[in-house]
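Novice: here's my sequence, what's the structure:
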Amino acid sequence: MTRLFDLETTERGIRLVTGRLVIRAYEPRDIPALIEYLSSDDPMVGRVMRIAPAAEAISAYWEPMRSVDPFGDPQWLSLLIELKTEQKVVGNVGYGITVIDDAHKLGSIGWSLAASYRGRGVATEAAMAVRGLLFDHLGAHRVQSRTGRANAPSWRLMERLGMRREARFRASHTNLSGAWDDEYIYAILKREWDNEAPF
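Specialist: Residues are numbered from 1 along each chain as shown. From the prediction side, this is the model:
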């Protein structure tokens, strides 16, 4: 099945290249763009990332990820989303692998995007590429994501990824106002991915 991303490996890690994006490891030159991204007053970015918009905090979070083996079943690896036309980091997408044994692996995926770039399909394009990486290159049997009930753009993106809502945990998550709210778990199986129409 044709997949619309190219996988490149470099001395700095991996790069997933899609039509509009380069999904790649952090580099120190990204600090100004990441400060801008993390400095926004957007409560969703602040909630998901929880990183101070300062060079030291950015480096402390992303620098260790540069040594994570992207194919070595990482617990979590956060990659940056760079928009090709602007050559600018506009968000991040991450993934993790839970290993039961060499033949049985479960994947997870999450994302965050600057508010001014939402609604353009950027997060969907990035998440689709990482979903493909998890299934086709890391051997995941299942890929899941989670989000709060109130975060409709996120769970709708999960549905665009072919995921189905598998669980609703009542009052297990706090919303942006700090009140208890429900959390949704979405997932897709490898066999569903294999039977999906090419994107």
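
Novice: so the residue nearest to residue 117 when sequence neighbours are not counted: helix, strand or coil?
Specialist: In space, and not counting its chain neighbours, residue 117 is closest to residue 90: 4.5 Å by C-beta to C-beta, 6 or more residues apart in numbering. No exception for glycine: its C-beta is placed from N, CA and C like everyone else's. At residue 90 the chain is in strand, as set by DSSP: H, G, I helix; E, B strand; the rest coil.

Novice: can you pull the pLDDT of the residue with the largest distance to the centre of the chain?
Specialist: Going by C-alpha atoms, centre = their mean, the residue of the chain most distant from its centre is residue 179, 25.3 Å out. With respect to pLDDT, residue 179 scores 91.

Novice: what lies in contact with the helix or strand bottoming out on mean pLDDT in the chain?
Specialist: One helix or strand of the chain scores below all others by mean pLDDT, DSSP states H and E: helix 43-49, with a mean of 86. If you take C-beta atoms under 8 Å, 6 or more residues apart in numbering as the criterion, helix 43-49 is touched by 37, 38, 92, 110, 112, 114, 115, 151, 176.

Novice: which of the residues you listed fall in helices?
Specialist: Those of the contacts of helix 43-49 mapping onto helices are 37, 38, per DSSP state H.

Novice: so which of the contacts of helix 43-49 wins on neighbours?
Specialist: residue 37 (28 neighbours; other C-beta atoms under 10 Å).

Novice: wait, it sits on residue 88?
Specialist: No - taking contacts as C-beta atoms under 8 Å, residue 37 lies outside contact range of residue 88: 9.3 Å.

Novice: next secondary structure element downstream of the helix or strand harbouring residue 128?
Specialist: Element membership for residue 128 (DSSP states H and E) is helix 122-136. Next helix or strand after helix 122-136 toward the C-terminus (DSSP H and E): strand 142-148.

Novice: give me the packing partners of that next one, helices and strands only.
Specialist: Packing contacts for strand 142-148, counted by 3 or more C-beta pairs under 8 Å, 6 or more residues apart in numbering; DSSP states H and E, involve strand 104-113, helix 122-136, helix 152-160, strand 164-174, strand 180-189.

Novice: just the ones you listed: most buried one?
Specialist: Mean neighbours per residue, mean count of other C-beta atoms under 10 Å, is largest over those for helix 122-136, with a mean of 23.

Novice: alpha carbons of it, as CSV, please.
Specialist: Output in CSV follows, covering the C-alpha atoms of helix 122-136 (Å, rounded to 0.1, in the frame of the first residue of the first chain):
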residue,chain,number,x,y,z
VAL,A,122,-1.1,19.8,9.7
ALA,A,123,-1.6,17.7,12.8
THR,A,124,-3.5,15.0,10.8
GLU,A,125,-0.7,14.8,8.3
ALA,A,126,1.9,14.5,11.0
ALA,A,127,-0.1,11.9,13.0
MET,A,128,-0.8,9.8,9.9
ALA,A,129,2.9,9.6,9.1
VAL,A,130,3.8,8.6,12.7
ARG,A,131,0.9,6.1,12.7
GLY,A,132,2.5,4.5,9.6
LEU,A,133,5.9,4.5,11.2
LEU,A,134,4.5,2.6,14.2
PHE,A,135,2.8,0.0,12.1
ASP,A,136,5.1,-0.5,9.2
